[in-house]
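>>> Test case, fold it:
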Amino acid sequence: MNWKVYIVQCADETLYTGITNNVPSRVATHNTGRGAKYTKNRLPVVLVYQEEVDDKSHALRREREIKKLNRSQKNSLINSVNLTTT
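Numbering: from 1, shown residues only. Model (predicted):
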């Protein structure tokens with residue numbers, strides 16, 4: 001099963017990072033207000049980044065790495081990938 005680390009931009013322009021094995025479904029869940037406590041009051045969210053990893057444990061590790069980045073570093077990561085090719 002392929003896991004992905006993703007970043008969504010919330011309506012207040014903050015960024016939320018998570019993991020899933022189904023990005024479209026997870027983003028839709030966020031947008032219903034059931035995705036995460038953080039995003040619940042910051043709707044709608046828009047997918048701005050996704051990265052495929054080998055398994056769930058790698059996804060969790062990569063999520064932690066990304067969450068430790070500052071805003072500028074996250075923006076650089078987001079800008080380094082064109083979502084239409086991922």
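>>> For the helix ranked longest in the chain, give the mean pLDDT please.
For the chain, the helix with the greatest residue count under DSSP state H is helix 56-68. For helix 56-68, mean pLDDT is 97.
>>> helices or strands up against that helix?
Helix 56-68 sits against strand 3-9, strand 15-20, strand 46-53, with contacts defined as 3 or more C-beta pairs under 8 Å, 6 or more residues apart in numbering; DSSP states H and E. C-beta coordinates here come from the backbone N, C-alpha and C atoms, glycine included.
>>> who touches the last one?
Translated: strand 46-53. Contacting residues not belonging to strand 46-53 are listed as 2-9, 15, 23, 27, 59, 62, 77-78, 81, 83, 86 [C-beta atoms under 8 Å, 6 or more residues apart in numbering].
>>> do the second one as well
Strand 15-20 is touched from outside by 3-10, 26, 30, 35-36, 38-39, 42, 45, 48, 56, 59-60, 62-63, 66-67, 71, 74, with contacts defined as C-beta under 8 Å, 6+ apart.
>>> Pull out the buried members of the residues you listed.
The neighbour-count test (16 or more other C-beta atoms under 10 Å) marks 3-10, 26, 30, 35, 39, 42, 45, 48, 59, 62-63, 66, 74 as buried among these.
>>> What's the per-residue pLDDT of Gln9 here?
Predicted confidence (pLDDT) for Gln9: 97.
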